[in-house]
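**Student:** Predicted structure and sequence below. I'll ask about it afterward.
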Amino acid sequence: WLHSLTAPAQILVRTQRLDLSAQITDLDQRAPTLPHPALEAAAREHADYLADLAAGNDLLHRQVLLVLREPRASVTSRTGVGIWRTRRDGRDADERKGDAEHRAAEARLARRLNEATELLHPAGITVTPLDAEQATAVLASACNPDRLVDTTTDLAPPDGVITAARDEGEWS
């Protein structure tokens, strides 16, 4: 995959402490609701195993982030005249040019993502594309790993420009 790259890419490997307390609590709470006593016993044994594992080890979780970005490029016809000038939909040429550049960049990015997915799959690596909200949450978590971030209230919108600190629930 690295040899096939034709545009910038970033690989970020993050390591975080792994907290199993939620899984242990969930197993303990659900064990009595299982349909067979043997399943209940197995669930409790597994919860005990996880508790012992967490108590005796410093458990870590690794996350590998593949960051692809695609700059916009000017889109022109074969004659050198912008293809956006031939349309008569009421929008100015710059607006149509921006739309065409955006669509072209999205298409190139989707193609690069598909290539990465296909080439990394044989190595057992699953590529999962993130939408704007998910990417914002990952970035917020990377910047502040010790704090759970609520992406609905704690962060500016993905397309927002932040020029000052947050003040009383507002972004400026």
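**Tutor:** That came through, no problem. Numbering: from 1, shown residues only.

**Student:** CA atoms for contacts and neighbours, from now on please.
**Tutor:** Fine.

**Student:** which is the next helix or strand following the longest helix anywhere in the chain?
**Tutor:** Counting residues, the longest helix found in the chain (DSSP state H) is helix 93-120. Following helix 93-120 in sequence order, the next helix or strand is helix 132-143 (DSSP states H and E).

**Student:** Any buried residues in that following helix, and which?
**Tutor:** When burial is assessed from 16 or more other Cα atoms under 10 Å, helix 132-143 yields the following buried residues: Thr136, Ala137, Val138, Ala140.

**Student:** Quick one: mean pLDDT for it?
**Tutor:** For helix 132-143, mean pLDDT is 79.

**Student:** now swap in stretch 98-113 and tell me
**Tutor:** 86.

**Student:** picking that back up, same list, the buried residues of helix 132-143, but as a markdown table with distance to Val67 please.
**Tutor:** Below are these laid out as a markdown table (distance: Cα to Cα, whole Å):
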| residue | distance to Val67 |
| --- | --- |
| Thr136 | 13 |
| Ala137 | 14 |
| Val138 | 11 |
| Ala140 | 15 |
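
**Student:** Which single one of the residues you listed is nearest to Ala104?
**Tutor:** Among the buried residues of helix 132-143, Thr136 lies closest to Ala104 (Cα to Cα), at 23.2 Å.

**Student:** separation between the closest one and Arg14?
**Tutor:** 16 Å (Cα to Cα, to the nearest Å).

**Student:** surely Ala9 meets Leu109?
**Tutor:** No. Using Cα atoms under 8 Å, Ala9 is not in contact with Leu109; the gap is 11.0 Å.

**Student:** Next, show the common contact partners of the two.
**Tutor:** Residues touching both Ala9 and Leu109 (Cα atoms under 8 Å, 6 or more residues apart in numbering) are Leu68, Arg69.

**Student:** Tell me where the model's unsure across the protein.
**Tutor:** 73-97, 145-172 (pLDDT under 70).

**Student:** Now with 80, please.
**Tutor:** 71-98, 136, 139-172 (pLDDT under 80).
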